[in-house]
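1. Need a 3D model of the following:
(one chain, ligands or ions: 1)
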Amino acid sequence: MEAQTGKVKEYLINLITEQGFAHLSLIDPDPLKTDIKTLPKLIQALDKGGTSGILVGGSTAFDRDFLDAVIEAIKTGTSKPVILFPGNIAGVTKKADALFFLSPLNSTNHYYIVRAQAIAAPIIKMWGLETISLAYLIFEPGGTAGYVAEVQPIPKKKPEIAIAFATAAELFGFDMVYLEAGSGAPEPIPKETIYAVSKFVDIPIITGGGIKTPTQAAELVAAGADIIVQGTKYEEYLARGDFASIEKIMSETFVAMKKASEAKKK
Ligand code: 1GP
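-> Coordinates of the predicted model:
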């Protein structure tokens, strides 16, 4: 069978190597909360502000037609990659550029760890959709993702547990590891925990959940995060149709992350 080209993975790795970090903006394709009409402008603002690509995924409501329409709307606002970040089988479509083929390793339910993926895998391979394997580690309080995937959340201030799971991910051969605080979490995962994991683990580290300010994003990059994910931050501005502020904040976040990564090289 034809080999996957891995263009999106290569794009992200190049950004991490050359720019020092990447940033992904998360869109929840939930028809109950996402307005498709405002998406192109939101995406344009994030693109101009410097985000590296768009993640599309959520843990709750799914409508495949709506998911496809969300991806089409995103693609009118950016030429950067659109990567699926599915919470279940219904979050998979061939319209995206790549798929985080993820497993929440600290789930207590093997349906979420491997069975859902097994059901989807043959069709994903037949489509030729690029996959980036991702160990998805959900920290306390866990949020909706943690509840739905039935995880035993990793304590935020127990770096040794985070290191153990992230190292297991690396030894299993996952492309990347995602340290997730949960969408809308009051605080991101502590930078000390990110630092401890990054010192031990060699695969790229993604982190997200509760990252609200440019300073928080920069501190996580300084601590060793390779990819920063933000979603909730822009919702209040989106509700007001304030796309100028979205671009401004994204751009400030980009500049802060860039400075942090440059300071790290010295
Ligand atoms: C959720 O980590 C992401 O998977 C984004 O979290 O919505 O809190 O930015 P926020």
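2. What residues does the protein have near the ligand?
-> 26, 180, 183-185, 208-211, 229-233 (CB under 6 Å from any ligand atom). Backbone N, C-alpha and C define where each C-beta goes, glycine included.
3. How about the stretch 101-250 of the chain: which residue is closest to the ligand?
-> Nearest residue of the stretch 101-250 of the chain to the ligand (CB to the nearest ligand atom) works out as residue 208 at 2.4 Å.
4. Excluding chain neighbours, what is closest to that residue?
-> Take residue 208 and drop its neighbours on the chain: the residue closest to it by CB to CB, 6 or more residues apart in numbering is residue 229, 3.0 Å away.
5. Next, the one you found: phi, psi?
-> phi -120, psi 130 (degrees, to the nearest 10).
6. Just the buried positions in stretch 124-133, please.
-> By 16 or more other CB atoms under 10 Å, the buried positions in stretch 124-133 come out as 124, 129-133.
7. I'd like the mean pLDDT over that stretch, please.
-> In this model, stretch 124-133 carries a mean pLDDT of 98.
8. So, low pLDDT: which residues of the stretch 1-150 of the chain?
-> 1-5 (pLDDT under 70).
9. Mind listing what's buried along stretch 199-219?
-> 200-201, 203-212, 214, 216-219.
10. In this protein, which residue is most central in space?
-> Of all residues in the chain, the one closest to the mean position by CA atoms, centre = their mean is residue 229, 5.0 Å from it.
11. now it, which residues is it bridged with?
-> Beta-bridge partners recorded for residue 229 (DSSP bridges): residue 24, residue 208.
12. right, and it touches residue 24 too?
-> Yes: proximity of residue 229 to residue 24 meets the contact threshold set by CB atoms under 8 Å, at 4.9 Å.
13. Are there residues contacting both of the two? Which ones?
-> 55, 206, 208 (CB atoms under 8 Å, 6 or more residues apart in numbering).
14. Go over the secondary structure and confirm the second one is in a strand.
-> In this case it means residue 206. Yes: counting by DSSP: H, G, I helix; E, B strand; the rest coil, residue 206 is located in a strand.
15. Let me see the contact set for it.
-> By CB under 8 Å, 6+ apart, the contact list for residue 206 reads 24, 134, 176-179, 225-229.
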